[in-house]
Structures are given as C-alpha cells and as structure tokens.
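S.K.: Fold the following and give me the result.
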Amino acid sequence: MIGIAEAFAPTYARARTQFLEAAATAGLGIASHRHPLAGSAGEDLAMDAVREGPADADRLLIVSSGCHGVEGFCGSGVQVFALHDAEWRDWAHAHGVAVLYLHALNPYGFSHTRRATHENVDLNRNFQDFGQPLPVNAAYRTVHPLLLPDVWPPAPQNAAAVADFIAAHGAAAWQAAITRGQHEFADGLYYGGTAPTWSNRTLRQVLRSHGQGATRVAWIDVHTGLGPSGYGERIFVGRDDAAAVQRARQWWGGGGATPVTSLHDGTSSSAFLTGLMALCLPEECPQAEDTCLALEFGTLPVAEVLDALRAEQWLQLHPEAPAAQARAIKEQMRAAFYTDTDAWKGQIISQARQAMFQAVQGLSS
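M.R.: Below is the predicted model of the structure:
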C-alpha cells in the first residue's frame with residue numbers, strides 16, 4: 001500500500017513518475033503516447049495508458065485523469081493509490097473486469113498548470129462533429145470582453161460591469177455563459193476548437209485499441225473545481241439516454257446515499273455542456289454498452305475558480321507579465337483545482353475508491 005497523501009504529487013513530472021512506478025511494481029504494461037511539446041520544466045509529456053486484466057475481457061472500466069490539465073493533480077492521486085491498492089485490484093480481478101487507467105489525457109495542461117490544451121482548447125468541449133455547423137454560445141459573446149480585460153487584476157470598471165451582469169442575469173447565467181463551451185474566440189475561455197486536438201485524436205486511438213473487445217464499458221473521469229470542498233458530485237455525462245441514466249443511478253447512487261446528477265435534466269452543479277469527451281466512447285466502441293460518470297470534486301467557491309481561470313487566461317495573452325505576477329497567477333490556478341491538504345486528499349480517495357468498487361459491481365451484475 002501507499003499512504004493517501006503520498007499518492008498525490010506536487011508536479012506533473014513527479015505524478016507521471018509515481019504512476020509509471022506503480023504500474024511497473026504491479027507488473028503491468030505501459031503504453032505511452034508522447035505529446036509533441038515539452039513540459040514546463042522541459043520534461044517529456046505523454047498520455048500514459050495502463051491496463052490490468054485480459055485483453056479480451058468483455059467488461060472494462062476506464063479511470064481517467066487530467067482531461068482538464070491542472071485537474072490531473074487530483075486524478076493522478078486516485079490512479080496511483082488504486083494501483084497500490086491490493087484489495088481494489090483483487091476485487092476487479094475476481095469480478096472479471098479489466099481496468100484501463102488513462103493518466104494525463106491533457107499532459108500539457110497538467111504540466112503547465114493550465115486547464116486547456118496546448119491548442120488553448122477545453123478538451124471536454126472538443127468532441128464535436130466538425131463536419132457540421134458548430135454550436136453557437138451567444139451568451140459568451142456578451143461576456144468575453146468582460147472576462148479578459150487589458151490589465152490584471154481588473155480595473156474597478158471591469159469589476160463593476162461583471163457585478164452588473166450577475167445582478168441582471170444571476171450567477172448561474174454567468175457561469176453557464178462562460179462554461180458551456182464556445183467555438184468563436186480562440187483566445188477565450190472554454191474554447192472548443194475547430195478541429196480535433198492532439199488529446200482527442202490520441203484518446204480515440206486508445207479507446208479503439210482497448211475497447212473493441214468489450215461488450216460493457218464504464219468510464220469514471222476525475223475532475224475538480226465545482227461544488228463544496230471535498231465533495232465528489234457524481235455526474236452522468238453519457239448520451240441523453242434514459243436507460244443509461246437509470247443504469248448510472250443504479251450503479252453509483254448508493255440507494256440515495258450518493259446521488260447521481262445529470263447534465264441533461266438540470267440536476268448537476270455543472271451547466272449544460274456541448275462537445276463532451278464521453279460522447280466519443282460509443283463512436284469508437286459502438287458494440288459496447290457505455291455508462292459514463294464524471295466524478296467532480298469541489299475545491300473553492302465557483303466565483304473564485306472562475307477568477308483563477310480568467311487570470312490564467314489573461315497571463316497566456318500577456319507573456320510579458322512580471323515573473324512574480326505570473327507565479328502568483330499559476331499558484332492561484334493550482335489552488336482553484338487542487339486542495340493540497342491531507343483532509344481533502346482523504347475525501348477524494350474515499351469517494352473515488354467507492355465509485356470504482358461500485359462500477360465493477362455494476363459491470364458484473
């Protein structure tokens with residue numbers, strides 16, 4: 001076993017090392033898909049895939065981290081702990097479920113303390129049919145000039161304009177306008193892009209490779225940044241299919257103790273989103289029944305998280321910013337998506353571990 005706190009790492013490079021070491025110690029093979037760019041310290045970047053269980057297993061659980069780069073600090077800890085957890089590994093094996101760990105779906109964002117990819121794309125808004133007209137987020141057009149002012153911290157006029165928008169439309173409308181996803185402002189927040197990103201293409205390749213023999217697939221994707229600190233909201237993120245929603249609630253709902261919300265019925269703390277990553281699973285593994293969950297752990301109040309995102313995006317647009325200010329903004333960003341305390345880490349491992357056990361039970365039922 002490994003201690004809970006020790007499973008979490010202070011940098012992407014260390015997180016990747018711990019993940020690879022845990023896989024090697026467990027005697028598992030590693031497939032590393034190298035990213036074309038370097039990390040913040042010049043290190044290699046990769047989406048690493050580790051599978052435990054037979055290649056022809058018909059039931060597969062995917063556990064992924066780092067879809068939104070900086071959120072990988074949390075998800076990596078979950079994966080490292082799981083690879084050291086003999087009880088968990090024995091449980092999956094006994095139920096005939098293979099487990100695929102996908103470490104750092106967006107390694108560039110993880111290393112550079114960004115939520116977006118190197119293309120400035122929100123990976124979880126990038127899974128669109130780019131041969132068709134892309135969704136239009138008209139509300140984002142209104143808020144974009146407010147989000148990224150010329151100076152940071154924002155001048156009083158900007159703060160007043162933001163306050164006026166929230167007073168007129170409500171905090172939920174502000175959050176939805178920003179986070180739903182948009183394809184018009186390449187320098188903006190929650191940009192979904194106009195073509196598949198490197199992470200999108202690489203993930204699809206991995207899913208085809210590992211999922212083609214499965215008839216039932218569950219996917220737990222670990223996120224942070226929404227909800228009360230340390231609470232893991234279980235959000236159904238698959239297709240808007242009544243049977244799949246019911247299945248997710250049966251598997252992960254804990255008889256009401258751990259309710260499953262949905263993006264489709266307004267029960268989630270997340271706004272309705274477009275271009276979700278989970279939607280590629282039925283495209284790449286059409287033969288499989290898919291049941292997908294985002295496990296979203298709270299950190300700071302949403303207003304503080306959004307301000308951290310605004311600051312970090314402003315920094316991307318102003319590389320001439322003083323070094324001290326750049327460091328402070330990156331620290332603010334990290335704190336918005338990762339609470340570096342033993343208590344918070346304990347909450348994360350407890351809830352993620354429970355969800356993984358539940359997924360195996362559901363897959364084998």
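S.K.: Report the rounded mean pLDDT for stretch 309-319.
M.R.: Summarised as a single mean, pLDDT over stretch 309-319 is 98.
S.K.: In that stretch, which residues are buried?
M.R.: Neighbour counts over stretch 309-319 (16 or more other Cβ atoms under 10 Å) mark 309-315 as buried. C-beta here means a position set from N, CA and C on the backbone, and glycine is covered the same way.
S.K.: same deal with stretch 240-250?
M.R.: Under the neighbour-count criterion of 16+ other Cβ under 10 Å, stretch 240-250 has 244-245, 247-249 buried.
S.K.: ok, which stretches of the stretch 1-150 of the chain are strands?
M.R.: 30-34, 46-52, 59-64, 98-103 (DSSP state E, counting those that start in this stretch).
S.K.: Can you lay out the ones you listed as JSON lines showing mean pLDDT and distance to residue 272?
M.R.: As requested, the strands of the stretch 1-150 of the chain are arranged in JSON lines below (pLDDT from 0 to 100; distance: least, Cβ to Cβ, whole Å):
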{"stretch": "strand 30-34", "mean pLDDT": "98", "distance to residue 272": "31"}
{"stretch": "strand 46-52", "mean pLDDT": "98", "distance to residue 272": "27"}
{"stretch": "strand 59-64", "mean pLDDT": "98", "distance to residue 272": "22"}
{"stretch": "strand 98-103", "mean pLDDT": "98", "distance to residue 272": "25"}
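S.K.: Helices - which of the buried residues of stretch 240-250 land there?
M.R.: 244-245, 247-249 (DSSP state H).
S.K.: Can you verify my assumption that residue 141 contacts residue 178?
M.R.: No. Residue 141 lies out of contact with residue 178 (Cβ atoms under 8 Å); the separation is 11.7 Å.
S.K.: related to what we said a few turns ago, rebuild the buried residues of stretch 240-250 as CSV, extending it with pLDDT and distance to residue 114.
M.R.: CSV is the format used below for the buried residues of stretch 240-250 (pLDDT from 0 to 100; distance: Cβ to Cβ, whole Å):
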residue, pLDDT, distance to residue 114
244, 96, 31
245, 95, 32
247, 97, 34
248, 97, 30
249, 97, 33
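S.K.: Who are the contact partners of the nearest residue to residue 36 once chain neighbours are set aside?
M.R.: With Cβ to Cβ, 6 or more residues apart in numbering as the criterion, residue 36 has its nearest non-adjacent residue at 6.7 Å, and that residue is residue 198. By Cβ atoms under 8 Å, 6 or more residues apart in numbering, the contact set of residue 198 is 35-36, 117-119.
S.K.: again, but for residue 259
M.R.: By Cβ under 8 Å, 6+ apart, the residues touching residue 259 are 234, 249, 253.
S.K.: One more pass at 6 Å, please.
M.R.: By Cβ atoms under 6 Å, 6 or more residues apart in numbering, the contact set of residue 259 is residue 253.
S.K.: quick one on the thing from earlier: who wins on neighbours among the contacts of residue 198?
M.R.: For these, the largest neighbour count, defined by other Cβ atoms under 10 Å, is 27 neighbours, found at residue 117.
S.K.: Over to that one: give its phi and psi.
M.R.: Here the main-chain torsion angles of residue 117 (degrees, to the nearest 10) amount to phi -80, psi 180.
S.K.: from what I can see it touches residue 195, true?
M.R.: No. Look at residue 117 against residue 195 with Cβ atoms under 6 Å: they stay out of range, at 11.9 Å.
S.K.: just checking, what's the longest strand in the protein?
M.R.: Using DSSP state E, we find that the single longest strand of the chain is strand 216-229.
S.K.: can you give me the helices in the stretch 51-200 of the chain?
M.R.: If DSSP state H, counting those that start in this stretch is used as the criterion, the helices of the stretch 51-200 of the chain fall at 72-84, 86-94, 107-111, 138-147, 156-169, 171-179, 198-211.
S.K.: any idea of the angle the one helix or strand residue 305 maps to forms with helix 171-179?
M.R.: Secondary structure from DSSP states H and E places residue 305 in helix 302-317. In terms of direction (axes from the mean of the first three to the mean of the last three Cα atoms, to 10 degrees), helix 302-317 departs from helix 171-179 by 30 degrees.
S.K.: What distance do you get for residue 232 to residue 112?
M.R.: Residue 232 sits 26 Å away from residue 112, going by Cβ to Cβ, to the nearest Å.
S.K.: same question, residue 249
M.R.: 37 Å.
S.K.: Kindly report the same for residue 162.
M.R.: Counting by Cβ to Cβ, the gap from residue 162 to residue 112 is 26 Å.
S.K.: Compare the two (neighbour count), which wins?
M.R.: Neighbours were counted for residue 162 and for residue 112 using other Cβ under 10 Å; residue 112 has more, 24 against 20.
S.K.: Now do the contacts for the more buried one.
M.R.: Residue 112 makes contacts with residue 40, as judged by Cβ under 6 Å, 6+ apart.
S.K.: Just the pLDDT for it.
M.R.: We have a pLDDT of 98 for residue 112.
S.K.: likewise the one 3 residues further on?
M.R.: Reading off the per-residue confidence, residue 115 sits at a pLDDT of 98.
S.K.: can you pull the contacts of it?
M.R.: Residues in contact with residue 115 (Cβ under 6 Å, 6+ apart) are 68-70, 109.
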